[in-house]
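1. From the sequence below, what's the structure:
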Amino acid sequence: MKKTFVRLSAIATIGLVMASCNNEEANNKAIEADNAAVQTLVDEKNAALDAEVAAACDAKVAAAAQAVVDSIAANAKPVKAAAKPKAKPVAAKPAPAKPEPPKTSNTNRPGTNESVVPATNTSRPGANETVKPATNKSRPGAN
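-> As a prediction, this is how the structure comes out:
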């Protein structure tokens, strides 16, 4: 009986050890939950540090700006009260005159405003003379 009891307790112990070590799903879920909690804590700390740095920076900027204002105020001369200038009445301005279109001297062709005679070709003598074109008399009815 003693041997049977020892065998059963050994099998139970091995089974208990195997069952407790084989919880990968539960372990993974616990690790993910722990990681999420750590990430939220890190985010909160970062936000708190950012707010603290921004407040310190704003305080330094305000102090520097106040120092500049104080130095300007110390160097400024007091201004005498000057009489206010009277506003002059504003006269109505006439409307600008519309420009007149240029008069055209060439009315035969619309869109031309030039009355200049086109340049002639003076580099070749006889180029501006009108000559009858040569006719081909050897072929009747050609011209």
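
2. quick one: K77 from V68, how far?
-> 18 Å (C-beta to C-beta, to the nearest Å). Glycine gets a C-beta too; all of them are placed from N, C-alpha and C.

3. Neighbour count: the two, which is higher?
-> V68 (9 against 5; other C-beta atoms under 10 Å).

4. SS state for that one?
-> Under DSSP: H, G, I helix; E, B strand; the rest coil, the three-state class of V68 is helix.

5. Quick one: residues contacting it.
-> By C-beta atoms under 8 Å, 6 or more residues apart in numbering, the contact list for V68 is empty.

6. For A62, see how far away it is.
-> From V68 across to A62, the span is 11 Å (C-beta to C-beta).

7. Check M1 too.
-> For M1, the distance to A62 - C-beta to C-beta - is 89 Å.

8. same deal with A73?
-> Taking C-beta to C-beta, one finds A73 at 16 Å from A62.

9. With D70 instead?
-> D70 is 12 Å from A62, where distance means C-beta to C-beta.

10. likewise G15?
-> From G15 to A62 the distance is 71 Å (C-beta to C-beta).

11. before we move on, the earlier item: neighbour count winner among M1 and A62?
-> Neighbour totals were compared for M1 and A62, and A62 leads with 10 against 5 (other C-beta under 10 Å).

12. Checking the more buried one next. Helix, strand or coil?
-> Three-state call for A62 (three-state DSSP): helix.

13. Adjust the sequence numbering to begin at 19 for everything that follows.
-> Okay, using 19 as the starting number, the last item reads as A80.

14. Tell me who's in contact with it.
-> A80 makes contact with no residue under the criterion C-beta under 8 Å, 6+ apart.

15. Just the C-alpha atoms of the lowest-mean-pLDDT helix or strand in the chain, please, in CSV.
-> Across the helices and strands of the chain, mean pLDDT, DSSP states H and E gives its lowest value to helix 20-39, namely a mean of 84. The C-alpha trace of helix 20-39 is given here as CSV (Å, rounded to 0.1, in the frame of the first residue of the first chain):
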residue,chain,number,x,y,z
LYS,A,20,2.8,2.3,0.8
LYS,A,21,4.3,1.8,-2.7
THR,A,22,1.0,2.6,-4.3
PHE,A,23,0.6,5.7,-2.3
VAL,A,24,4.1,6.9,-3.2
ARG,A,25,3.5,6.3,-6.9
LEU,A,26,0.2,8.2,-6.8
SER,A,27,1.7,11.1,-4.9
ALA,A,28,4.6,11.2,-7.4
ILE,A,29,2.2,11.2,-10.3
ALA,A,30,0.1,13.9,-8.7
THR,A,31,3.1,16.1,-8.0
ILE,A,32,4.4,15.8,-11.6
GLY,A,33,0.9,16.5,-12.9
LEU,A,34,0.6,19.6,-10.6
VAL,A,35,4.0,20.9,-11.8
MET,A,36,3.1,20.3,-15.4
ALA,A,37,-0.3,22.0,-15.1
SER,A,38,1.1,25.1,-13.3
CYS,A,39,4.0,25.6,-15.8
